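Engineer: 3D, please:
(2 chains)
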Amino acid sequence: MLIPFFVWGCQDTAPKDLPILGERDVVNGDTVYHAIPDFAFIDQDSQLVTNETFAGKAYVADFFFVHCPTICPKTSAQMLRIYEHFQNDDRLMLVAHTVDPKRDTVAALKKYSDGLGVSSSKWRFLTGEKDSLYEIADDYFSIAMEDSEAPGGFDHSGRLILVDKNRHIRSFCNGTDPADVDRFIKDIENLLNEEK
Amino acid sequence: MKKNNLFLTALFVLTAGLALLSCDKNQFTQGKILYTNFCERCHMEDGTGLRGIIPPLAGADFLETHKTELPCIIRYGIKGDIVVNGKTYQTEMPGEPKLTEFEITNIINYINTSWGNDLELARHTDVRAILKACEAARKEQ
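Structural biologist: Take a look at the predicted model:
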């Protein structure tokens, strides 16, 4: 009984397909997976960003705010690592949502993205209605809710979330932990290869 | 005689090794812990900061050129444009008003001797005087 586990544990090199995460329903015998709903926000260039913006692409989403005194700088540093790793790969985009839309205006987000020195066509910083931002945050984080045993339980700040081109959540990580982000980058590579 | 030589050589190697090891270790243990708890989340473990948003502490000319402002920056924070190694930063840094004079001295000395920084150590008496002065200046405002 133990042997198959050992064998499986050794096959680290052969990537498995990433699971589809989140709640699922069975409708008329078909499994319906959790999918990110429609959204519409404004980015750092005042452009409208909707699900269409990411058509045919995977993206990494996170939540932050410019004046964040706690963990956001670390998460941004890790997002930056992902950005650089996939800089020349058009199949992946990055999306940072503010949770402080009152202060994080388009101009503030522009300043932040310029400060990071990143291209706004690859990494969008989004603002919009506070309620819509919080609702979409709940939606992205719904996958992590299953993990109520985890230390810190329901504190999802700092999570990075991988969404595929079908709006399904395929992986997430703790954006303050470089080792976990290493694993996440591998997950992204596997997803992009699977979608090829 | 030969044995004795061998023993001395071994002793020498051991002490040299120990000395090297302790060289590598930063002596400001409290400063390091405080840095980890209060500063690292922004300025990062290796003191590099975050691109154009949070300035570096590793190799920062600011530490030398604004030496006497450091205690007050740590206690009260700083906002507005500042220039570090020729680059302008304009994000606000919150202060840590609860840190004591000793703790602030230890943090400065940890920074001044970490990541290749080799700056003059801060003295507690100076830090105290600087903090007193900026506390008074803030009250007047």
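
Engineer: closest residue of chain B to chain A?
Structural biologist: Relative to chain A, the nearest point of chain B is B:Gly52 (3.7 Å; Cβ to the nearest Cβ). (Each C-beta comes from the backbone N, C-alpha and C, glycine too.)

Engineer: excluding its backbone neighbours, what's nearest the residue nearest the centre of chain B?
Structural biologist: Using Cα atoms, centre = their mean, the residue of chain B that lies closest to the mean C-alpha position is B:Ile111, 1.7 Å off. Excluding the flanking residues, the one nearest B:Ile111 by Cβ to Cβ, 6 or more residues apart in numbering or on different chains is B:Leu57, at 5.2 Å.

Engineer: what about that neighbour, which helix or strand?
Structural biologist: Under the criterion of DSSP states H and E, B:Leu57 resides outside all helices and strands.

Engineer: you'd agree A:Phe172 is up against A:Leu162?
Structural biologist: Yes - with contact defined as Cβ atoms under 8 Å, A:Phe172 reaches A:Leu162; the gap is 6.6 Å.

Engineer: between the two, what contacts are shared?
Structural biologist: Contact criterion Cβ atoms under 8 Å, 6 or more residues apart in numbering or on different chains; residues shared by A:Phe172 and A:Leu162: A:Phe184.

Engineer: residues of whichever helix in chain A runs longest that come out buried?
Structural biologist: Longest helix in chain A by number of residues (criterion: DSSP state H): helix A:178-195. The neighbour-count check on helix A:178-195 (16 or more other Cβ atoms under 10 Å in any protein chain shown) flags A:Val181, A:Phe184, A:Ile185, A:Asp187, A:Ile188, A:Asn190, A:Leu191, A:Leu192 as buried.

Engineer: the nearest residue to A:Asp114 once chain neighbours are set aside: neighbour count?
Structural biologist: In space, and not counting its chain neighbours, A:Asp114 is closest to B:Gly52: 7.0 Å by Cβ to Cβ, 6+ apart. B:Gly52: 18 surrounding residues under other Cβ atoms under 10 Å in any protein chain shown.

Engineer: what residues are up against B:Gly52?
Structural biologist: Neighbours of B:Gly52 in contact, by Cβ under 8 Å, 6+ apart: A:Asp114, A:Gly115, A:Leu116, A:Gly117, B:Lys87, B:Tyr89.

Engineer: so what pLDDT did the first one get?
Structural biologist: The score at A:Asp114 is 96. That number is its pLDDT.

Engineer: helix or strand: which one has it?
Structural biologist: helix A:106-116.

Engineer: now the element after that helix, going C-ward?
Structural biologist: That would be, after helix A:106-116 and using DSSP H and E, strand A:123-126.

Engineer: so which elements touch that next one?
Structural biologist: strand A:92-98, helix A:106-116 (3 or more Cβ pairs under 8 Å, 6 or more residues apart in numbering or on different chains; DSSP states H and E).

Engineer: quick one: mean pLDDT for that strand?
Structural biologist: On average, strand A:123-126 scores 98.

Engineer: got it, and stretch A:30-40?
Structural biologist: Mean predicted confidence for stretch A:30-40 is 89.

Engineer: and for stretch B:82-91?
Structural biologist: Stretch B:82-91 comes out at a mean pLDDT of 96.

Engineer: with stretch A:176-194 instead?
Structural biologist: Mean pLDDT, stretch A:176-194: 95.

Engineer: mind saving the C-alpha coords of the host helix or strand of B:Ala137 as PDB?
Structural biologist: Secondary structure from DSSP H and E places B:Ala137 in helix B:124-140. Extracted in PDB, the C-alpha atoms of helix B:124-140 (Å, rounded to 0.1, in the frame of the first residue of the first chain):
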ATOM      1  CA  HIS B 124      23.300  55.900  22.100                       C
ATOM      2  CA  THR B 125      24.000  59.400  23.600                       C
ATOM      3  CA  ASP B 126      23.900  61.000  20.100                       C
ATOM      4  CA  VAL B 127      20.700  59.200  19.200                       C
ATOM      5  CA  ARG B 128      19.100  60.300  22.400                       C
ATOM      6  CA  ALA B 129      20.000  64.000  21.800                       C
ATOM      7  CA  ILE B 130      18.800  63.800  18.200                       C
ATOM      8  CA  LEU B 131      15.500  62.300  19.300                       C
ATOM      9  CA  LYS B 132      15.000  64.900  22.100                       C
ATOM     10  CA  ALA B 133      15.600  67.700  19.600                       C
ATOM     11  CA  CYS B 134      13.100  66.400  17.000                       C
ATOM     12  CA  GLU B 135      10.500  65.700  19.700                       C
ATOM     13  CA  ALA B 136      10.800  69.300  20.800                       C
ATOM     14  CA  ALA B 137      10.600  70.600  17.200                       C
ATOM     15  CA  ARG B 138       7.500  68.500  16.600                       C
ATOM     16  CA  LYS B 139       5.800  69.900  19.700                       C
ATOM     17  CA  GLU B 140       6.400  73.400  18.600                       C
END
